[in-house]
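Visitor: with the input below, show me the fold.
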Amino acid sequence: MKFLHRIYDIFFPAKCILCQKVLRSEETDICNQCRTHIEEFPTPRRKISFVARWTSMWYYNDNVRYSMLRYKFYRMSAYGQVYGRLLAMHYSTKHFCDYDILTWVPISNKRKNRRGFDQVELIAVSMGQELGTPAAPTLKKIRHTKKQSSMQSSAHRKANVLGAYTVLNPKAIAGKRILLIDDIITTGSTVSECARVLLTAGAKEVSAMCVASNNK
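Guide: So this is what the prediction gives:
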């Protein structure tokens, strides 16, 4: 079995999920150069409606952007586990917030069938495994929407997702503090709508985390 693994590593060497360079034996997931030079997202100044607090791991630019495009549109589903592990480390380092339920922003069934997986669910599940608190579904997307990236303004993005989500089990979230995971936060319209729906259904508080953002 070890021999087969060595053969596999020769033909399919592990690569940095950001810059795509072949990893050295002492490197895992991200090369040392990217770990050293990637800019950490600062404490955000901009508030998101209905969200108590939020944070991002990275800026959504350069190699981070290309990495996430490969993940979402080129079937690099294995990236989800890596993003989840790194997000769990980011959460623990920042001591970000206390929560009762770890959950995620779901995509529509139509988009999931087309893509083959829910990219945010994979991240949240991996993060939960690392933190020892399994991620649980709380929301369902009941209306397929246009891609938020195709919307030119914040107002259009808000209108695009309005009424697109519903709570699966209101009793399960009543009085609970919820940590909501998304892959990318731009204007914050999607997490804001999800938080609004969760709070309306009885959640006590909603905080949010994402892999990357350009919303400072």
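Visitor: break the chain into its domains for me.
Guide: 9-38, 40-213 (automatic domain parsing).
Visitor: of these, flag the one that's most buried.
Guide: Most buried of the domains of the chain by mean neighbour count (mean count of other CB atoms under 10 Å) is domain 40-213; its value is a mean of 18. All C-beta atoms are positioned from the backbone trio N, CA, C, and that covers glycine.
Visitor: for the chain, which helix is longest?
Guide: helix 79-94 (DSSP state H).
Visitor: quick check: which element contains the most centrally placed residue in the chain?
Guide: Nearest to the geometric centre of the chain sits Asp183, at 2.8 Å (CA atoms, centre = their mean). Per DSSP states H and E: Asp183 is located in strand 177-185.
Visitor: in terms of secondary structure, what does that strand contact?
Guide: Applying 3 or more CB pairs under 8 Å, 6 or more residues apart in numbering; DSSP states H and E, one finds that strand 177-185 contacts helix 62-73, strand 101-104, helix 119-131, helix 189-200, strand 205-213.
Visitor: a markdown table for these, including distance to Pro13 and mean pLDDT?
Guide: Output for the helices and strands packed on strand 177-185, formatted as a markdown table (distance: least, CB to CB, whole Å; pLDDT from 0 to 100):
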| stretch | distance to Pro13 | mean pLDDT |
| --- | --- | --- |
| helix 62-73 | 16 | 95 |
| strand 101-104 | 31 | 98 |
| helix 119-131 | 22 | 98 |
| helix 189-200 | 36 | 97 |
| strand 205-213 | 24 | 97 |
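Visitor: on that earlier part again, averaging pLDDT over each of the domains of the chain, which comes out lowest?
Guide: Out of the domains of the chain, domain 9-38 stands lowest, with a mean of 88 (criterion: mean pLDDT).
Visitor: following the helix or strand containing Lys140, which helix or strand shows up next?
Guide: Following DSSP H and E, one finds Lys140 within strand 139-141. Later in the chain than strand 139-141, the nearest helix or strand by DSSP H and E is helix 154-161.
Visitor: and after that following helix, which helix or strand comes next?
Guide: strand 165-167.
Visitor: give me the contacts around that following strand.
Guide: Here strand 165-167 makes contact (CB atoms under 8 Å, 6 or more residues apart in numbering) with Pro106, Thr138, Leu139, Lys140, Lys141, Ile142, Ile173, Glu193, Cys194, Val197, Leu198, Ala201.
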